[in-house]
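Participant: Predicted coordinates and the sequence they were generated for:
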Amino acid sequence: MQNLLHNLNPEQLAAVTLPPQNALILAGAGSGKTRVLTTRIAWLIQTGQVSPAGVLAVTFTNKAAKEMLARLSAMLPINTRGMWVGTFHGLCNRLLRTHYRDAALPQTFQILDSQDQLSVIKRLLKANNVDDEKYPAKNLMYFINNNKDQGLRAKDVDAYDATERKMVELYDLYDEQCQREGVVDFAELLLRTYELLSRNQPLREHYQLRFRHILVDEFQDTNDLQYKWLKLMSGHGSAAGGALFAVGDDDQSIYAFRGANVGNMSAFEREFQVKNLIKLEQNYRSHGHILDAANMLISNNSRRLGKNLRTDAGHGEQVRVYEASSDLQEAQWIIEESKSLINEGTSRSEIAVLYRSNAQSRVIEHALFSAGIPYHVYGGLRYFQRAEVKHAIAYLQLMDNPHNDSAFLRVVNFPARGIGARTIEQLQGAAEQYGISLYAAVPYMVGKAGTSLGGFVKMVEGMRFETQQMALPELVRIVLDGSGLLQHYQGEKEGADRVENLEQMVSAATQFVSEEGYGQGAPAHLGPQAQAQAGNAIVSADGVEIIDADAPLATVMSPLSAFLSHASLEAGDNQAQAGQEALQLMTVHSAKGLEFDNVFITGLEEGLFPHESSSKEDGGVEEERRLMYVAITRARQRLYMCFSQTRMLHGQTRYNMKSRFFDELPEESLKWLSPKVQSHWFANKKSAWDEAPLAGSDNAIARQIAQKSSGGSGWRIGESVAHAKFGEGVIVNLEGSGSNCRAQINFGNVGMKVLDLSVAKLDRLPR
DNA sequence: GCACCGAACTTTTTT
DNA sequence: AGTTCGGTGC
């Protein structure tokens, strides 16, 4: 135990050893949050305050859950496999598999990822002849998820106009359809579990009594339903129930757009009467100038819980700021600086290039490619999202649950086997008529359509029979082969990668089987007899037998079902391919939780960062500021910031002002690399472009713009101006000439204005 | 059933 | 600008 608590600072120690009461830990960036969380669990177990089975630890990502488990096994001499450490969705899946009957789900229910969900909705809209102009599938999906994330079923949603009523109706139809097909979407996993436990008192009390300690990571990212879920699990407001230990950072809340509610932190503090609020403000990551920048920036936000990071490391280097004339030049600068870092011996993987939006990566990638510097971009398609892999998964899904219409439709004619749209239409008609799945409707089809569809069903049945006693990896191999997928891609010109991805699925299955504790030889299809083996059967007061979801998943679901869940819930690694000697390119969002010695924050321009769409939502700019805070606090030693006067976006050149965030950083922590222009500067020079530091090919572009733009009016596109009413802006376009000249000016958050230059009073501004 | 062309989109993303 | 999606035409 000495070892466990060794090296903790006073605040960390206090948090780890808190009495078994509700607690809120405000953990700043780089303050050892994960360490506190895992040490808390280890300490509770080691001091005998709780058994491993009495702990529930919830995270948002699989990565975080895995890391927590890894650290726990390093700290404790116990097998962590059976412990309840996982994502909200993973834990709900486990509960629903165990209590599938009570939750009114088929044992082999399948999980829709976002892609699948969208295609279910598209199908629904088509089947109901809904005008998809008026009700785009994406909107409906957003509507449904949004409501589920708040714990609202269709019947609970208040509709105020005809459009909303229609949406509610479609929401209801959607749920019915999912139920018919035996599929659940991500939000449904949570909502279904929530409803199950709300409704079923013995079950609820069982888990409430069981989990003495519930610990939540990244609490600021919880949505309303997750908060309700935690309330329920922790038995809030009832006699039973354990202590909720929430760790989070309100300043790093950057997921409001997907339903996260920072307000949950203060709500928790209030509703759970939190007496133990501990702030972890000692930062172990960044040098002083970097922290000063972060602290001052975030102090511009209101409604904070309040926190200031400090470090024992020295000031370190100032933040280097660079103004480029174009996005190309910005990229060029990043490359020059990276090169010199690399020459100093910096590992390429310790250089991160962050941007607000994915579109920005292209220019940077291009420049890196030309310069021959290896790089890695995060955020592409993940393994289980690739089309060929999804096809294979669909075949596997059909073998486990043939009534999954999405899976059926996805592969019924892939590879092509002569089943066309006409046939499918007929089949859908029959299925609707009898209220059954497409698969079940096949026998009702006659003629040629019946034959081809029958052939498909026979193939699926054949594979199912053939693989009955097989272990999962073998089963996967048979399906890849028997479905004709492998052959299909082998015969394709560009199919080599896809074949490789398919082959990889066999090893993914092998790895899954060994990691999840399924005996290598265990048949992939495991019947309900597994149910009987489930451990800890308990009997509730009213005599209902409850099987605790305690036993390893292997006893409540077959390897195949488990593998399919895994494929939906864990789309595959996209993060951290450790040891890769390459520059790391990613959005600021995906950088959260990571750290690097050297960080570039790029595209710091009004409209990009903060993003223009953020000014329309209330609290939008504050969220952008938190995003900037996250970006800054990723850096350990060196931080670079840059912005560009011009940028190619959506096919046209845009002229932006530098980000307002620069005005919110401490002057003394910044080092401006581009000459900081004095106010009299513009009086002497006719154009900023003449003297701006330009590199290489960019010179020409900049001059072109400069020439094209002055047009005799004395003003220039790209020039910064000030207007008495609208404030600061940038000239985006000039039209007309002489006394008839008008300028289109981007006034940032005020918006775009067209002003007559003979009338408007404008002042030139130095950049 | 497949290939090609044009239109429409383009903040951030995990499960 | 670049991609992706859906529709049309063969």
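Facilitator: Ah, there it is.

Participant: Going by the annotation, which residue ranges form each domain of chain A?
Facilitator: Following the TED database, one finds the domains of chain A at A:10-102+A:189-282, A:113-181, A:319-382+A:575-672, A:385-516, A:719-764.

Participant: any residue of the third one up close to DNA strand C?
Facilitator: This means domain A:319-382+A:575-672. Yes. Counting by Cβ under 7 Å from any atom of the strand, contacts between domain A:319-382+A:575-672 and DNA strand C involve A:362, A:648, A:650-651. (C-beta placed from N, C-alpha, C; glycine too.)

Participant: from the chain's centre, how far out does that domain sit?
Facilitator: For domain A:319-382+A:575-672, the distance from its own C-alpha centre to the chain's C-alpha centre is 19 Å (Cα atoms, centre = their mean, to the nearest Å).

Participant: end to end, how far does it reach?
Facilitator: Domain A:319-382+A:575-672 has its terminal residues 8 Å apart, counting by Cα to Cα, to the nearest Å.

Participant: need the residues of the stretch 401-550 of chain A near DNA strand C, please.
Facilitator: Taking Cβ under 7 Å from any atom of the strand as the test, the list of the stretch 401-550 of chain A residues beside DNA strand C is empty.

Participant: If we use 10 Å, what do you get?
Facilitator: In this structure, the stretch 401-550 of chain A approaches DNA strand C at residues residue A:421, judged by Cβ under 10 Å from any atom of the strand.

Participant: Indicate the residue of the stretch 401-550 of chain A located nearest to DNA strand B.
Facilitator: Among the residues of the stretch 401-550 of chain A, residue A:420 lies nearest to DNA strand B; the distance is 2.5 Å by Cβ to the nearest atom of the strand.

Participant: Let's verify the nearest residue to that residue once chain neighbours are set aside: helix, strand, or coil?
Facilitator: Of all residues not flanking residue A:420 in the chain, residue A:413 sits nearest, at 7.3 Å (Cβ to Cβ, 6 or more residues apart in numbering). In three-state terms, and counting by DSSP: H, G, I helix; E, B strand; the rest coil, residue A:413 is coil.

Participant: Low-confidence stretches in the stretch 1-150 of chain A?
Facilitator: Across the stretch 1-150 of chain A, residues meeting the criterion (pLDDT under 70) sit at A:1-2.

Participant: Do a quick rundown of the strands in it.
Facilitator: If DSSP state E, counting those that start in this stretch is used as the criterion, the strands of the stretch 1-150 of chain A fall at A:23-27, A:55-59, A:84-87, A:110-111.

Participant: Over to the stretch 601-750 of chain A?
Facilitator: Along the stretch 601-750 of chain A, the stretches classed as strands by DSSP E, counting those that start in this stretch are A:635-649, A:652-655, A:670-672, A:720-723, A:727-735, A:742-746.

Participant: Could you check how far the closest residue to DNA strand C within the stretch 551-700 of chain A is from DNA strand B?
Facilitator: For the stretch 551-700 of chain A and DNA strand C, the shortest gap (Cβ to the nearest atom of the strand) falls at residue A:651, measuring 2.7 Å. To DNA strand B, residue A:651 is 6 Å away according to Cβ to the nearest atom of the strand, to the nearest Å.

Participant: Number of residues surrounding that residue?
Facilitator: 5 (other Cβ atoms under 10 Å).

Participant: ditto for residue A:62
Facilitator: With neighbours defined by other Cβ under 10 Å, the count for residue A:62 comes to 18.

Participant: That one contacts residue A:89, correct?
Facilitator: No. At 9.2 Å, residue A:62 and residue A:89 do not qualify as touching, with contact defined as Cβ atoms under 8 Å.

Participant: For these two, list the residues in contact with both.
Facilitator: When contacts are counted by Cβ atoms under 8 Å, 6 or more residues apart in numbering, residue A:62 and residue A:89 have residue A:569 as shared neighbours.

Participant: How far off centre is the helix or strand encompassing residue A:568?
Facilitator: In this structure, residue A:568 sits in helix A:559-569 according to DSSP states H and E. Once both centres are worked out by Cα atoms, centre = their mean, helix A:559-569 turns out to sit 20 Å from its chain's centre.

Participant: need the next SSE after that helix, C-terminal direction.
Facilitator: Taking DSSP H and E as the definition, the helix or strand right after helix A:559-569 is strand A:583-587.

Participant: in the stretch 301-450 of chain A, which spans are strands?
Facilitator: With DSSP E, counting those that start in this stretch as the criterion, the stretch 301-450 of chain A has strands spanning A:319-326, A:351-355, A:375-377.

Participant: For the last one, which outside residues touch it?
Facilitator: Applying Cβ under 8 Å, 6+ apart, the set of residues contacting strand A:375-377 from outside is A:348, A:353, A:361, A:365, A:368-369, A:577, A:580, A:582-586.

Participant: tell me the centre residue of chain A?
Facilitator: What sits nearest the mean C-alpha location of chain A, by Cα atoms, centre = their mean, is residue A:590, with 7.4 Å.

Participant: which SSE is that one in?
Facilitator: Secondary-structure element containing residue A:590, defined by DSSP H and E: helix A:588-591.

Participant: low-scoring stretches of chain A, by residue?
Facilitator: Flagging of chain A using pLDDT under 70 yields the residue ranges A:1-2, A:519-521, A:526-555, A:574-579, A:675-714, A:716-718, A:733-740, A:748-752, A:766-767.
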